[in-house]
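In: Any chance you can model this:
(2 chains)
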Amino acid sequence: MYSEKVMDHFNNPRNVGELENPSGVGTVGNAKCGDIMRMYLDIDGNGIIQEARFKTFGCGAAVATSSMATELVKGKTIQQALAVTNRAVMEALDGLPPAKVHCSLLAEEAIHAALWDYAQKHGIVIEGLEKPVSDIEEKTQEEEYS
Amino acid sequence: MIYLDNAATTRMPEDVFEAMKPYFCEQYANPSAIYSFAGGAARAVDAARRTIAASIGAEPGEIYFTAGGSESDNWAVKAAAQSCQNKGKHIITSTIEHHAVLHTCQALEKQGYEVTYVNVDECGVIKLDELAAAIRLDTVLITVMTANNEIGTIQPIAEIGALARKNGILFHTDAVQAYGHIPLDVDACNIDMLSASGHKFHGPKGVGFLYIRKGVRVGAFVHGGAQERARRAGTLNTPGIVGMGTAAARAVDGLAARMEKETALRDYLIQKVLEKVPYSRLNGHAADRLPNNANFCFRFIEGESLLILLDQEGICASSGSACTSGSLDPSHVLLAIGLPHEIAHGSLRLTLSEENTREEIDFTVDAIKKIVERLRSMSPLYEDFVKEGRAANVQ
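Out: Residues are numbered from 1 along each chain as shown, chains lettered A, B, ... in the order given. Below is the predicted model:
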């Protein structure tokens, strides 16, 4: 059901992991629906994204879209990164099954969340960036099921 | 390849296929026809009917061939509801039924029926006191599965049957996962209707049966010809029925020995997984479960990812995660036993057959361990858990 590119990014995800002291980090998703993405960005003084890393809890498409999103924003300016839409992520992966389109939306949102965090930390306003919606409150009532 | 998805479907052995073969190209007559050429097909259908009837303690005239489990469930629930509507329009079922029953009940609700969905405990066993309390004067049908398809929990159907009988209510059980895997007796359990499906016990796909107790007045589901005592129209699927009969005979033969073998392998699998994979749990009842079913949750990971990576190791398995259900919610069964969504997303069902070996299980457990570690290494939930022992709040 997945394209070769999706399978490649799922099997060999690019940029998995964390960044020490990232310029911005954002987590989006919903444990209820089974997808949570966290994106870390390192942004230099010129506003260029030098590094991007991710961690994702989710299906094959969720992992692949996160991986592709990090690839697409690396080396980009903030404005260029903002232009990385879910459609761009999907196209770069040669498409997603209809039921998985929401994963690409989540990837787009993860970029925005990390940029929002960067803007908050630096007290700046990034034009065209709105506070991302995040909905991961559901993810806690788990302790008794270890 | 290691096939561990026998609850989805089973391999049909060569001898079952051989038994079916003559009824495609040679004995192709319509078994309902009058001429002698049809005699062979008719006798083969009769033999299958007798075998199946005997396997559940029924009479041959109480077995109705269908196109499979979903049809049998639809027929039983809809026809019973319709036939009894003068008495009442209340149905009792459980929260963990197969969708063939659940969605049928929901369709009936839209037609003015009332349905009570009785809860299960944390092991997936129906709450009998809740069931008893749900019975009303206008209750016409209790439908509770014999064993659950996801977590394998075996339900107390003898108790449910007794309760139904005492109250003059029809009792249907979806035995699709149980038939051929554990002993079943329709009289001992006061079962009025029982659904089964051929391919779940090494028979062919596209054929099943519904047992309807003699004297139970439920109408036809498929209207048309006079086949199956005018209760299920349609030319009989001779090869399918013969294959299912052969598979039924195989299933009954040596059932006890097979159960013992599968149970031992299942318990070995469960023990190894829980021992080798941290933050894992067994879903369903530890003892009252199908001999071939193991169902786990692995925290911090999602089931579909696990399935894809298991597939790459040549292992066929299934999961109750949202991504495998086609909706955004994980399995209704895992939610019904009280699991929170995110844990239910990380489920894995492994269902064995007698053909599986200990070596296959060892290989599978190692693969699960490796894959779960890999997925956790990229899971933000696991990262939070490691850092703080509890998920952090993020923007």
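In: From residue B:32, how far out is the residue lying closest to residue B:292 once chain neighbours are set aside?
Out: Among residues not flanking residue B:292 along the chain, residue B:352 sits closest, at 4.2 Å (C-beta to C-beta, 6 or more residues apart in numbering or on different chains). No exception for glycine: its C-beta is placed from N, CA and C like everyone else's. The spacing between residue B:352 and residue B:32, counted by C-beta to C-beta, to the nearest Å, is 39 Å.
In: Tell me how many other residues crowd the closest residue to chain A within the stretch 101-250 of chain B.
Out: Nearest to chain A in the stretch 101-250 of chain B, going by C-beta to the nearest C-beta, is residue B:122, at a distance of 10.0 Å. Residue B:122 is flanked by 12 other residues according to other C-beta atoms under 10 Å in any protein chain shown.
In: I'd guessed it sits against residue B:336; true?
Out: No: counting by C-beta atoms under 8 Å, residue B:336 is not a contact partner of residue B:122; they are 9.7 Å apart.
In: residue ranges with poor pLDDT in the chain?
Out: Just so you know, I chose chain A. When residues are selected by pLDDT under 70, those of chain A lie in A:134-146.
In: sorry, should have said chain B
Out: Where chain B drops into low confidence, which here means pLDDT under 70, it does so at B:322-328, B:389-395.
In: which of the residues in stretch B:229-245 are buried?
Out: Within stretch B:229-245, the residues that qualify as buried are B:231, B:232, B:236, B:237, B:238, B:239, B:240, B:241, B:242, B:243, B:244, B:245, counting by 16 or more other C-beta atoms under 10 Å in any protein chain shown.
In: Could you do stretch B:256-268 as well?
Out: B:258, B:259, B:261, B:262, B:263, B:265, B:266.
In: Contacts for that stretch next, please.
Out: B:181-182, B:289, B:291-294, B:352-354, B:356, B:358, B:361 (C-beta atoms under 8 Å, 6 or more residues apart in numbering or on different chains).
In: Give me the subset of those residues that lies in strands.
Out: Within the contacts of stretch B:256-268, membership in strands is found for B:293, B:294, as judged by DSSP state E.
In: Of all pairs in the contacts of stretch B:256-268, which one is the farthest apart?
Out: Within the contacts of stretch B:256-268, B:182 and B:358 form the most distant pair, 22.4 Å apart (C-beta to C-beta).
In: one step back: got a list of what the residue of the stretch 101-250 of chain B closest to chain A touches?
Out: Going by C-beta under 8 Å, 6+ apart, residue B:122 touches B:337, B:338.
In: What strand or helix carries it?
Out: Using DSSP states H and E, residue B:122 sits within no helix or strand.
In: Quick check: phi and psi on it?
Out: Main-chain torsions, residue B:122, degrees, to the nearest 10: phi -70, psi -10.
In: how far away is it from residue A:58?
Out: Here residue B:122 is placed at a distance of 26 Å from residue A:58 (C-beta to C-beta).
In: Also residue B:253?
Out: Distance of residue B:253 to residue A:58, given as C-beta to C-beta: 46 Å.
In: who has more neighbours, the two?
Out: Set side by side, residue B:253 and residue A:58 give different neighbour counts by other C-beta under 10 Å, the larger being at residue A:58 (32 against 9).
In: Am I right that the more buried one is in contact with residue B:300?
Out: No: in terms of C-beta under 8 Å, residue A:58 does not count as a neighbour of residue B:300; the distance is 11.3 Å.
In: joint contacts of these two?
Out: When contacts are counted by C-beta under 8 Å, 6+ apart, residue A:58 and residue B:300 have no shared neighbour.
In: quick one: terminal-to-terminal distance for stretch A:83-101?
Out: Using C-alpha to C-alpha, to the nearest Å, one end of stretch A:83-101 lies 18 Å from the other.
In: can you pull the buried residues of it?
Out: Counting neighbours by 16+ other C-beta under 10 Å, one finds that the buried residues in stretch A:83-101 are A:84, A:86, A:88, A:89, A:90, A:92, A:93, A:96, A:99, A:100, A:101.
In: Tell me if it is near chain B.
Out: Yes: applying C-beta under 8 Å from any C-beta of the partner chain, one finds that stretch A:83-101 is in contact with chain B at A:99, A:100.
In: So what touches that stretch?
Out: The list of residues contacting stretch A:83-101 from outside it, by C-beta under 8 Å, 6+ apart, reads A:1-6, A:9, A:59, A:61, A:64-65, A:68-69, A:71-73, A:76, A:103-105, A:107-108, A:111, B:323, B:326.
In: Of those residues, just the buried ones, ChimeraX syntax please.
Out: For selection in ChimeraX, the members of these meeting the burial criterion (16+ other C-beta under 10 Å) are listed in this command:
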select /A:2,6,9,59,61,64,65,68,69,71,72,73,76,103,104,105,107,108,111 /B:323
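In: Residue B:308 touches residue A:62, doesn't it?
Out: No: no contact is recorded between residue B:308 and residue A:62 when judged using C-beta under 8 Å, the distance being 11.6 Å.
In: Tell me which stretches of chain A form strands.
Out: With DSSP E as the definition, chain A shows strands at residue ranges A:24-30, A:35-43, A:49-57.
In: What helices and strands are in contact with the second one?
Out: Using 3 or more C-beta pairs under 8 Å, 6 or more residues apart in numbering or on different chains; DSSP states H and E as the contact criterion, the secondary-structure elements in contact with strand A:35-43 are strand A:24-30, strand A:49-57, helix A:60-73, helix A:101-122, helix B:380-388.
In: would you turn the ones you listed into a markdown table with distance to residue B:159?
Out: As requested, the helices and strands packed on strand A:35-43 are exported to a markdown table (distance: least, C-beta to C-beta, whole Å):
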| stretch | distance to residue B:159 |
| --- | --- |
| strand A:24-30 | 40 |
| strand A:49-57 | 41 |
| helix A:60-73 | 43 |
| helix A:101-122 | 44 |
| helix B:380-388 | 40 |
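In: looking at those, which is closest to residue A:18?
Out: Ranking those by distance to residue A:18, with C-beta to C-beta as the measure, places strand A:49-57 first at 5.9 Å.
In: which parts of that closest one are buried?
Out: By 16+ other C-beta under 10 Å, the buried positions in strand A:49-57 come out as A:49, A:51, A:52, A:53, A:54, A:55, A:56, A:57.
In: For that strand, output the C-alpha coordinates as PDB.
Out: Extracted in PDB, the C-alpha atoms of strand A:49-57 (Å, rounded to 0.1, in the frame of the first residue of the first chain):
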ATOM      1  CA  ILE A  49      18.000  25.600   9.600                       C
ATOM      2  CA  GLN A  50      21.300  23.800  10.100                       C
ATOM      3  CA  GLU A  51      20.000  20.600  11.600                       C
ATOM      4  CA  ALA A  52      16.700  18.800  12.000                       C
ATOM      5  CA  ARG A  53      15.900  15.700  14.000                       C
ATOM      6  CA  PHE A  54      12.700  13.900  14.800                       C
ATOM      7  CA  LYS A  55      11.100  11.300  17.000                       C
ATOM      8  CA  THR A  56       7.800   9.800  16.000                       C
ATOM      9  CA  PHE A  57       5.300   7.400  17.600                       C
END
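In: Packing partners of that strand?
Out: Other helices and strands packing on strand A:49-57, by 3+ C-beta pairs under 8 Å, 6+ apart, are strand A:35-43, helix A:60-73, helix B:380-388.
In: Would you format the ones you listed as TSV with distance to residue B:50 included?
Out: Putting the helices and strands packed on strand A:49-57 into TSV (distance: least, C-beta to C-beta, whole Å) gives the following:
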stretch	distance to residue B:50
strand A:35-43	53
helix A:60-73	48
helix B:380-388	55
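In: For residue B:117, find the nearest of these.
Out: Evaluated over the helices and strands packed on strand A:49-57, closeness to residue B:117 peaks at strand A:35-43, with 28.3 Å, by C-beta to C-beta.
In: Please name the strands paired to that closest one in the sheet, noting orientation.
Out: Listed by DSSP bridges, the sheet partners of strand A:35-43 and their directions read strand A:24-30 (antiparallel), strand A:49-57 (antiparallel).
In: could you dump these to a markdown table with distance to residue B:130?
Out: Conversion of the strands paired with strand A:35-43 to a markdown table gives the following (distance: least, C-beta to C-beta, whole Å):
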| stretch | distance to residue B:130 |
| --- | --- |
| strand A:24-30 | 31 |
| strand A:49-57 | 34 |
